[in-house]
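In: With the sequence up front, the predicted model follows.
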Amino acid sequence: MKRIMLIIPIMLSCILLFATASSAMMDVGLMGIGGKIGLVLPGEDESDSVLGMGVVVNLGTILPILRAEASGEYWENSRDEVSLSYISIGGTLKYDFPFGRKFIPFIGGGAALAISRQKDTDMGIEFHAVGGVDIPLGTIMSFTAEAKYVTNDTDTVWLTGALMIHLY
């Protein structure tokens, strides 16, 4: 409980500082919202590959080629009478490579508050690296194919597809 009381104010302070500093630089705000689904590959043979899902929020651009996203993700696996569930809430900065308008490759990284539960609940900070491509689907929608490596107690790889509805 003490960790929660320490981590939550630190994360909220970072978000507030990020939002205040970046709003003067470029176009920051609620720019889009979407859902994602994909394959989660947990490491260390703790469990088999599972289906994961999540919500993605586009928070806008800090620089013309640097985007901010917030996300929430969930997956669960039961094997041999042992259940493992995982929830994360975090943020990612993505660097867009300016190759054109048909597709936009990107790389990035971020951090999240992760809550996992097997026999008891464990909470911690995870860090992740991402790479993928955004494909515009008209003027109000886009599809994202993404690979994400997450490092925490159980390193995982996410291979996801997401649909984003643009609100701007």
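Out: Perfect, thanks for sending it.

In: helix or strand for the residue minimising distance to the centre of the chain, which one?
Out: By CA atoms, centre = their mean, the chain has its centre lying nearest to S71, at 4.4 Å. Using DSSP states H and E, S71 falls within strand 66-79.

In: Can you tell me the closest non-neighbouring residue to the residue nearest to the centre of the chain?
Out: The spatial neighbour of S71 that comes closest, neighbours along the chain excluded (CB to CB, 6 or more residues apart in numbering), is V56 at 4.9 Å. Any C-beta I mention is one placed from the backbone N, CA and C, and that applies to glycine too.

In: who's in contact with A111?
Out: Counting by CB atoms under 8 Å, 6 or more residues apart in numbering, A111 makes contact with 90-91, 125-128.

In: rerun at 7 Å
Out: Applying CB atoms under 7 Å, 6 or more residues apart in numbering to A111 gives the contacts 90-91, 125-127.

In: Distance of Y74 relative to G43?
Out: As for Y74, its distance to G43 is 18 Å (criterion: CB to CB, to the nearest Å).

In: other SSEs contacting the strand holding S71?
Out: strand 50-63, strand 82-96 (3 or more CB pairs under 7 Å, 6 or more residues apart in numbering; DSSP states H and E).

In: Tell me which residues of the longest one come out buried.
Out: Going back to what we said before, that points to strand 82-96. Of all the residues in strand 82-96, those buried under the rule 16 or more other CB atoms under 10 Å are 84, 86-88, 90-94, 96.

In: quick one on the thing from earlier: redo the helices and strands packed on strand 66-79 as CSV? Include mean pLDDT and distance to L113.
Out: Below are the helices and strands packed on strand 66-79 laid out as CSV (pLDDT from 0 to 100; distance: least, CB to CB, whole Å):
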stretch, mean pLDDT, distance to L113
strand 50-63, 89, 14
strand 82-96, 86, 5
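
In: export those strands to JSON lines and tack on distance to I135?
Out: Converted to JSON lines, the helices and strands packed on strand 66-79 look like this (distance: least, CB to CB, whole Å):
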{"stretch": "strand 50-63", "distance to I135": "15"}
{"stretch": "strand 82-96", "distance to I135": "13"}
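
In: wait, which of those strands is closest to L137?
Out: strand 50-63 (14.3 Å; CB to CB).
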